[in-house]
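*Asks:* Okay, structure incoming, though there's no sequence with it:
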DNA sequence: CAGTTACGTAACTCGATGGTTAACTACAGC
DNA sequence: GCTGTAGTTAACCATCGAGTTACGTAACTG
């Protein structure tokens, strides 16, 4: 559940939002933020270490793309709390989620 | 989206999980953790300040209960990323979630 | 090969955070 | 009105995290 830690920082959250739109090289990412490049570089490292982001090198550029797996895990955690703000429709959602998971386990 | 910050700490996450099962007084909460009472008290304060928890005083006891509103907000944020790990069932879920939201807005 | 471009790492500063113990507040019971 | 119990606040300390500047490294470009 380390995604929580990674996403606690607003800059990192915005990087994730940015990459949701499509992959970007480090320079472009940095250009969106008022902090220095090294700072962004470290944020990217944290995101990478938490599995939220992957980098593929192209010449001297580093192209970053989103890896949503940890977000899915987070979603699973949250699923346990949906009953707290749910109505009938949400109950159905839960049902669907459960069946999906089961199907995954079954093969 | 301050819930991320509050939930970055594992102890606070476990407190939330604990309260999902039902309300508890501060003493009982503290008994579940290896840290001192004041430490737990501060965690509870952080959770309170982030709206994740509410305290109702009963005599000299303070009874804490979960407030899942910030979790719902978090869920909304995550919803924007479900497409990244979704399949047909998830698409249906999203559809359901959308209709629920719309219904809430409409009346 | 020299220079420029694109990134990352290193070393450092500094405020935030989480932990502790000690002191304070509020209530119940004798 | 003391005494014990439940909990929070205060003061303090150590560590962590995010920011900065300076430097290192890899690749393209003339």
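*Replies:* Now that the structure is in, tell me what you want to look at. Not measured: the values here are computed from a predicted model.
*Asks:* make it CA atoms for all contacts and neighbour counts henceforth
*Replies:* Noted.
*Asks:* Report the secondary structure state of the residue nearest to residue A:26 when sequence neighbours are not counted.
*Replies:* Counting by Cα to Cα, 6 or more residues apart in numbering or on different chains, the nearest residue to residue A:26 once its immediate chain neighbours are dropped is residue A:62, at 5.9 Å. When classified by DSSP: H, G, I helix; E, B strand; the rest coil, residue A:62 comes out as strand.
*Asks:* how near is residue A:48 to residue B:77?
*Replies:* 20 Å (Cα to Cα, to the nearest Å).
*Asks:* Neighbour count for those two, which is higher?
*Replies:* residue A:48 (18 against 13; other Cα atoms under 10 Å in any protein chain shown).
*Asks:* What sits closest to that one if chain neighbours are left out?
*Replies:* residue A:54 (5.9 Å).
*Asks:* Identify the residues contacting the residue in chain A that DNA strand C sits nearest to.
*Replies:* With Cα to the nearest atom of the strand as the measure, residue A:27 is the residue of chain A nearest to DNA strand C, at 3.0 Å. Neighbouring residues of residue A:27 by Cα atoms under 8 Å, 6 or more residues apart in numbering or on different chains: residue A:37.
*Asks:* ok, so what distance separates it from residue A:38?
*Replies:* 11 Å.
*Asks:* Can you name the residues of chain A sitting close to DNA strand C?
*Replies:* Contacts of chain A with DNA strand C, taken as Cα under 7 Å from any atom of the strand, map to A:25-28, A:37-38, A:40-42, A:44-45, A:60-63.
*Asks:* Out of the residues you listed, give me the one that has the most neighbours.
*Replies:* Ranking these using other Cα under 10 Å puts residue A:44 first, with 25 neighbours.
*Asks:* Against DNA strand D, how distant is it?
*Replies:* Here residue A:44 is placed at a distance of 10 Å from DNA strand D (Cα to the nearest atom of the strand, to the nearest Å).
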